[in-house]
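**Student:** Predicted model and sequence below, questions to follow.
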Amino acid sequence: MTESDLPVVQLTPGRWGDPAHPVDLPAAAVEALKHLGVRRPATGPVDPVDRPGLTATQLSFLAGVVGAEHVTTDLDSRWAHTRGYSTPDLLRHRAGDTSDMPDAVVYPGSHDEVMAVLAACSGHDLAVVPYSGGTSVVGGLAASRRFVTVDLRRLDQLVEIDEVSRTATLQAGVRGPAAEALLAARGYTLGHFPQSYEGASIGGYAAARSSGQSSAGYGRFDQMVVGLTLATPRGTVELGRAPMSAAGPDLRQLVLGSEGAFGIITSVVVRIRPRPTERHFEGWRFENFEAGLTAIRRLAQDGPLPTVLRLSDEAETAVNLADPDVLGGGTGGVLAIVGFDGPYQQATAAVLTAAGGQNVGEGPGETWRVGRYRAPYLRDPLLDEGALVETLETAAFWSKVPALKAAVTEALVRSLTDQGTPPLVLCHVSHVYETGASLYFTVISAQAGDPVGQWRTAKAAASQAIAVAGGTISHHHGVGTDHREAYADEIGPLAVEALQAVKHVLDPGHILSPGILLT
C-alpha cells in the first residue's frame with residue numbers, strides 16, 4: 001500500500017488518529033515510562049458543558065447564505081471543531097474546556113458562498129475561523145474572541161487538470177488522501193505526504209506552509225502552489241497568472257502561511273507529477289549524529305538527492321518511534337531513512353557510503369514508511385498512561401544546526417527537570433535544503449499537576465533557545481497563537497506593522513482569525 005491508497009481518516013475530537021485502528025503501547029514501553037515517573041491519572045476525560053451560542057438573528061442570516069441545513073449549532077458539532085491536535089489542545093479537550101469552542105459551524109459549498117458568509121459576518125461583527133482538516137498543532141483554530149467556524153469540507157472537488165502544464169486545480173476542502181486518489185486516477189501525484197496526511201487538507205497545507213516527508217524530491221507545499229484564490233471580506237483575490245513573474249512582489253507567498261488572517265483560501269493550483277511506478281525505501285546507519293549530518297548535507301548540497309531523506313539522533317534511533325510494535329528496539333548508532341520515487345539511485349548510495357554510512361537494507365526503510373502514520377496515534381495511549389508527549393520543530397542554516405540541536409535539547413531537559421519531571425528528548429532532521437535543515441523534537445516526560453502549564457513553561461524555554469541559537473520559530477507547523485509573540489520577535493516590529501497593514505486592507509473589520517498569526 002502507498003500513500004495514494006490510504007483512506008481519509010475522520011479524526012475524533014480530543015484524540016489523534018483513527019478510532020477504528022487504535023494503537024496499544026507495548027509492555028516494554030509502559031515499563032519504560034515508569035522510569036520517567038509516569039503514573040496513570042486517577043480521573044478520565046470530562047464531558048463538555050454547553051454555553052449560549054448565537055442569537056436567532058445571527059443564525060438566520062447565516063442560514064440565509066448557505067441554507068439552514070448547512071449551519072450547525074449543536075454541542076457535538078461545535079465541540080468537534082474546537083482547537084486542533086497539539087498536546088495542550090488534547091489535554092484541554094480531556095478536561096472539557098469549552099473556552100475556544102465556536103458558536104456555530106457553517107458549511108459553504110462554493111467560493112461565492114464563502115464570500116457571502118464573510119460579507120454577512122462583517123456586517124454583524126462576527127469573527128470567522130476557517131477549518132478544513134483541523135490538524136493544527138499551534139493553536140491555529142483558537143480565536144481571541146467568540147467566532148463562527150467556516151468548515152470547507154463541501155469544497156472537495158478536483159476542478160481541473162492541465163496535462164500540458166502539469167497543474168491541477170483543487171478546492172481547499174479536499175483532504176490529503178482524497179486529493180492523491182483523484183490525481184492517481186489520472187496517473188499523477190502531488191507528492192505531499194506530511195505526518196498529518198490522513199486528516200489534513202489542501203487549504204490547510206497552503207495556509208500553514210506545510211512540508212511533507214517527500215520534500216527532498218517534491219519540495220514543500222508552498223513550492224508546489226502556482227496559483228490560488230482567496231476570499232476576503234472586501235472581495236476576491238486571484239493570484240498566479242504564470243508560473244513565475246517579475247511583475248512586482250510575489251503575492252502568492254504573502255497568502256501562503258497566512259493561516260486565515262488575510263482571507264480564506266478556497267482553491268489552489270498546484271504542480272503535479274506523473275505517479276511513480278516504483279518506490280524504494282531503505283535504512284542507512286551512521287556511527288553518530290554528526291557523521292550522519294555530514295552525509296545528508298553532502299546530498300543536499302551536491303546531490304543526487306533522493307525523494308525522502310531524514311536522520312534520527314541516537315535517542316530517537318534507540319526508541320524507534322517509527323514502529324510502535326517494536327518501540328525501544330534500536331541497536332545503537334543513528335539511522336537515516338532514504339527513499340526514492342522511481343528507479344533506485346546508486347549514485348546517492350555511493351555518497352552515503354563514502355561518508356561512512358552502512359546500508360542496512362529495505363527493512364528499516366519499509367518499517368518507517370508504513371509506521372510513520374501510526375506514530376502520532378501513540379499520543380493517545382501515552383496521555384492515557386499519564387505521560388506528557390509533545391513535539392516542536394525549527395530550522396537553521398547548516399553551520400548552526402549542531403548548536404541549535406544542543407541548545408533546544410538542553411533547554412527542554414533543564415526546564416522539565418526543574419519542574420520535577422525529567423524528560424526523554426528525541427530529535428531528527430526531517431527536511432533538508434542546500435543551505436540548511438529542519439530539526440524535529442519529540443519530548444516525553446511524566447505529567448505534572450498542571451500539564452498544560454508544564455508544557456507552556458518548557459516550550460517557552462525551548463523557544464528562547466531557538467531564538468538565541470539562530471533558528472526559526474517554525475519550519476512547518478506554522479504560527480497560530482502559540483508562536484505569535486516569538487514570530488513577532490523574529491521578524492521585528494516594522495515587519496509586523498507591514499503585515500498588520502495588509503490585514504487592515506483585506507480585513508478592515510478584523511473578523512478573520514483574530515489573534516492568530518498577528519495580535
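**Tutor:** Now that the structure is in, tell me what you want to look at. Numbering: from 1, shown residues only.
**Student:** I'd guessed Val9 sits against Gly199; true?
**Tutor:** Yes: Val9 is within contact range of Gly199, at 5.3 Å (criterion: CB atoms under 8 Å). Bear in mind the C-beta positions are built from the backbone N, C-alpha and C, glycine included.
**Student:** anything in contact with each of the two?
**Tutor:** Counting by CB atoms under 8 Å, 6 or more residues apart in numbering, Val9 and Gly199 have no common neighbour.
**Student:** Put the alpha carbons of the strand or helix carrying Ala181 into CSV.
**Tutor:** Ala181 belongs to helix 176-184 when elements are defined using DSSP states H and E. Only the C-alpha atoms of helix 176-184 are listed here, as CSV (Å, rounded to 0.1, in the frame of the first residue of the first chain):
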residue,chain,number,x,y,z
GLY,A,176,-4.8,14.8,1.5
PRO,A,177,-5.7,11.1,0.7
ALA,A,178,-8.7,12.2,-1.4
ALA,A,179,-6.6,14.6,-3.4
GLU,A,180,-4.0,11.9,-4.0
ALA,A,181,-6.7,9.4,-5.1
LEU,A,182,-8.2,11.9,-7.5
LEU,A,183,-4.9,12.6,-9.1
ALA,A,184,-3.8,8.9,-9.1
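**Student:** next SSE after that helix?
**Tutor:** Using DSSP H and E, the helix or strand that follows helix 176-184 towards the C-terminus is strand 188-189.
**Student:** Show me what the following helix or strand past that next one is in contact with.
**Tutor:** Using DSSP H and E, the helix or strand that follows strand 188-189 in sequence is helix 202-207. With CB under 8 Å, 6+ apart as the test, helix 202-207 has contacts from 130, 132-133, 135-136, 152, 155, 170-176, 179, 192, 194, 210, 221-222, 225, 228, 255-260, 264-266, 268, 270, 478.
**Student:** where does His21 land on pLDDT?
**Tutor:** Note for His21: predicted pLDDT of 71.
**Student:** Now do the phi/psi pair for the closest residue to it other than its chain neighbours.
**Tutor:** Spatial nearest neighbour of His21, chain neighbours left out: Tyr377 (7.5 Å); criterion: CB to CB, 6 or more residues apart in numbering. Backbone torsions for Tyr377, taken as degrees, to the nearest 10, come to phi -70, psi -20.
**Student:** Put the alpha carbons of stretch 281-301 into CSV.
**Tutor:** Once non-C-alpha atoms are left out, stretch 281-301 reads as follows in CSV (Å, rounded to 0.1, in the frame of the first residue of the first chain):
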residue,chain,number,x,y,z
PHE,A,281,12.9,2.9,1.0
GLU,A,282,16.0,1.8,2.9
GLY,A,283,17.9,2.5,6.1
TRP,A,284,21.4,3.7,6.5
ARG,A,285,23.3,3.6,9.8
PHE,A,286,26.0,6.0,10.9
GLU,A,287,28.2,5.9,14.0
ASN,A,288,26.8,9.2,15.4
PHE,A,289,24.6,12.1,14.6
GLU,A,290,27.4,14.3,13.5
ALA,A,291,28.5,11.8,10.9
GLY,A,292,25.0,11.4,9.6
LEU,A,293,24.5,15.1,9.5
THR,A,294,27.6,15.5,7.3
ALA,A,295,26.4,12.8,5.0
ILE,A,296,22.9,14.2,4.4
ARG,A,297,24.4,17.7,4.0
ARG,A,298,26.6,16.4,1.2
LEU,A,299,23.5,15.1,-0.6
ALA,A,300,21.5,18.3,0.0
GLN,A,301,24.3,20.5,-1.4
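**Student:** tell me which residues of it are tucked away?
**Tutor:** For stretch 281-301, the neighbour count (16 or more other CB atoms under 10 Å) marks 281-286, 289, 291-293, 295-297, 299-300 as buried.
**Student:** Show me how far it is from its chain's centre.
**Tutor:** 25 Å (CA atoms, centre = their mean, to the nearest Å).
**Student:** the helices in the stretch 301-450 of the chain, which residues?
**Tutor:** Secondary structure of the stretch 301-450 of the chain, counting by DSSP state H, counting those that start in this stretch: helices at 314-319, 346-354, 362-371, 379-385, 401-418.
**Student:** Narrow the buried residues of stretch 281-301 to those in helices?
**Tutor:** Among these, the members found in helices (DSSP state H) are 289, 291-293, 295-297, 299-300.
**Student:** Tabulate the residues you listed in JSON lines, adding columns for pLDDT.
**Tutor:** JSON lines is the format used below for these (pLDDT from 0 to 100):
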{"residue": "Phe289", "pLDDT": "97"}
{"residue": "Ala291", "pLDDT": "98"}
{"residue": "Gly292", "pLDDT": "98"}
{"residue": "Leu293", "pLDDT": "98"}
{"residue": "Ala295", "pLDDT": "98"}
{"residue": "Ile296", "pLDDT": "98"}
{"residue": "Arg297", "pLDDT": "98"}
{"residue": "Leu299", "pLDDT": "98"}
{"residue": "Ala300", "pLDDT": "98"}
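**Student:** Count the neighbours of Ala56 for me.
**Tutor:** Each residue near Ala56 was counted by other CB atoms under 10 Å, and the total is 6.
**Student:** what does Gln157 give?
**Tutor:** Other residues close to Gln157 by other CB under 10 Å number 15.
**Student:** do the same with the one 3 residues further on
**Tutor:** Around Glu160 there are 11 other residues, counting by other CB under 10 Å.
**Student:** do Arg241 as well
**Tutor:** 9.
**Student:** Now do the SS call for it.
**Tutor:** What DSSP: H, G, I helix; E, B strand; the rest coil gives for Arg241 is coil.
**Student:** Leaving out chain neighbours, which residue sits closest to it?
**Tutor:** In space, Arg241 is closest to Gly227, 7.7 Å off (CB to CB, 6+ apart).
**Student:** returning to that earlier point: which of the ones in helices among the buried residues of stretch 281-301 lies closest to Ala458?
**Tutor:** Within those, proximity to Ala458 (CB to CB) peaks at Phe289, which comes in at 22.0 Å.
**Student:** Neighbours of the nearest residue to that closest one once chain neighbours are set aside, how many?
**Tutor:** Counting by CB to CB, 6+ apart, Asp313 is the residue found nearest to Phe289 once chain neighbours are left out, at 4.6 Å. Using other CB under 10 Å, the number of residues around Asp313 comes to 23.
**Student:** Check Ala20 too.
**Tutor:** For Ala20, the count of nearby residues is 9 (other CB under 10 Å).
**Student:** and if you look at Tyr344?
**Tutor:** A total of 14 residues lie near Tyr344 under the criterion other CB under 10 Å.
**Student:** centre of the chain versus the helix or strand that contains Gln58, how much separation?
**Tutor:** Assessed by DSSP H and E, Gln58 sits inside helix 56-66. In terms of CA atoms, centre = their mean, the centre of helix 56-66 is found 33 Å from the chain centre.
**Student:** Understood, closing this out.
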